[in-house]
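Participant: I'll drop the sequence and a predicted model, then ask my questions.
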Amino acid sequence: MSDTTTKTRSVTVAQRRLVLSWAGVTDVGRRRETNQDAFFAEYPLFIVADGMGGHAGGEIASQSTVKRLEAVVASGSVERGAIQGALELAVGDIADHPETTDEGTGTTLTGVFLEYEDDEPHWAALNIGDSRVYLLRDDRLVQVTTDHSVVQELIAAGKISPEEAEGHPYSNVITRAVGASELTAPDYVTLDVRVGDRFVICSDGLTKELTDYGIQHFLRENADPGAAVEAMLAAALENGGRDNVTLVIVQIAEEPSSTNESEEE
């Protein structure tokens, strides 16, 4: 694997200058012939999409969704209404694509973005499907998003345990997706911006191969987002790489007073 580049951006929170840094990677894995995952990581939006569907359907769905969200960033207006509009356009793109032949064509979507209120930023995590956002805060890893899946519904109903979910025959069945039909809006979770926060945004190709403890371990061992991304990918592949593996790591730190302002993009 080649080295993954870490990008940075300065942000102001409560009159404090902080550094936002991030890195992302995607890999076909060890058992799949094509990569149906896609990701986009540019300030202020960081997302992962895990496509599904026969033929080229999953790749079409994930790339169409990411392309529409890239345009939102390019427009300079990253907020929930704009994201909703982009996803509605993506649904049309997927439906209209000549290679969308499978009714199961669609993609998960998850990620985080900075949104502003009175010029102060906070995080918004979004998700559709079973790709996930994790947050390491105060040395404790928590799953921010809730899976839209059959097994998650069974867990919530008390019918199976989280341990039983891993080997459940419906473990890959999701209940929401961005696909060639009417869009279901994402769920959102709002979080404050804190120094030291580290987000892991990933497809289930990572979580099939790494436990939450494993994710936390590699974050602790690698302070740089690029190094952490590479370490987690290598571990996922070594553990089997049964699916495409995609992840983005985003983190916030104090801006060193001895350096110049970070590059503004």
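Facilitator: Nice, thanks for sending it over.
Participant: Where does residue 251 sit: helix, strand or coil?
Facilitator: Put simply, residue 251 is strand when judged by DSSP: H, G, I helix; E, B strand; the rest coil.
Participant: nope, residue 145 is what I meant
Facilitator: coil.
Participant: If the closest residue to it other than its chain neighbours is in a bridge, with which residues?
Facilitator: Nearest residue to residue 145 in three dimensions, chain neighbours excluded: residue 127, at 4.0 Å (C-beta to C-beta, 6 or more residues apart in numbering). Every residue, glycine included, has its C-beta placed from N, CA and C. Going by DSSP bridges, residue 127 is paired in beta bridges with residue 110, residue 187.
Participant: residue contacts, residue 127?
Facilitator: Counting by C-beta atoms under 8 Å, 6 or more residues apart in numbering, residue 127 makes contact with 108-111, 133, 145-146, 148, 186-187.
Participant: hmm, try it at 7 Å
Facilitator: 109-110, 133, 145, 186-187 (C-beta atoms under 7 Å, 6 or more residues apart in numbering).
Participant: buried subset of those residues?
Facilitator: Among the contacts of residue 127, the ones that count as buried by 16 or more other C-beta atoms under 10 Å are 109-110, 133, 145, 186.
Participant: Make a markdown table out of these and add pLDDT and distance to residue 202.
Facilitator: Below are the buried ones among the contacts of residue 127 laid out as a markdown table (pLDDT from 0 to 100; distance: C-beta to C-beta, whole Å):
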| residue | pLDDT | distance to residue 202 |
| --- | --- | --- |
| 109 | 97 | 12 |
| 110 | 98 | 8 |
| 133 | 98 | 8 |
| 145 | 98 | 10 |
| 186 | 96 | 16 |
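Participant: got the residues you listed as JSON lines, with distance to residue 198 columns?
Facilitator: Shown next, in JSON lines, are these (distance: C-beta to C-beta, whole Å):
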{"residue": "109", "distance to residue 198": "21"}
{"residue": "110", "distance to residue 198": "16"}
{"residue": "133", "distance to residue 198": "11"}
{"residue": "145", "distance to residue 198": "15"}
{"residue": "186", "distance to residue 198": "22"}
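Participant: Please work out the average pLDDT along the helix or strand where residue 66 lies.
Facilitator: Using DSSP states H and E, residue 66 sits within helix 57-75. Helix 57-75 shows a mean pLDDT of 94 in the predicted model.
Participant: Would you mark the buried spots in it?
Facilitator: Those would be 57-66, 68-69, 72-73, for helix 57-75 by 16+ other C-beta under 10 Å.
Participant: And the contacts of that helix?
Facilitator: By C-beta under 7 Å, 6+ apart, helix 57-75 touches 34, 36-38, 40, 42, 45, 47, 49-53, 78, 82-83, 86-87, 89-90, 93-94, 97, 99-102, 105-107, 109, 178-179.
Participant: Only whichever of those residues are buried, select them in ChimeraX.
Facilitator: Restricted to buried positions by 16+ other C-beta under 10 Å, the ChimeraX selection for those reads:
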select :36,37,38,40,45,47,49,50,51,52,53,78,82,83,86,87,89,90,93,94,97,100,102,105,106,107,109,178,179
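Participant: which regions of the stretch 1-150 of the chain sit below the pLDDT cut-off?
Facilitator: Regions of the stretch 1-150 of the chain meeting the criterion pLDDT under 70 cover residues 1-3, 54-55, 98, 100-103.
Participant: okay, the host helix or strand of residue 123 in CSV with CA atoms only?
Facilitator: Using DSSP H and E, residue 123 sits within strand 120-128. Extracted in CSV, the C-alpha atoms of strand 120-128 (Å, rounded to 0.1, in the frame of the first residue of the first chain):
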residue,chain,number,x,y,z
GLU,A,120,-19.8,28.7,15.3
PRO,A,121,-19.3,25.1,14.0
HIS,A,122,-20.6,21.9,15.3
TRP,A,123,-20.5,18.4,13.8
ALA,A,124,-23.4,16.7,12.2
ALA,A,125,-23.2,12.9,11.6
LEU,A,126,-25.5,11.4,9.0
ASN,A,127,-26.3,7.9,7.9
ILE,A,128,-28.5,5.7,5.7
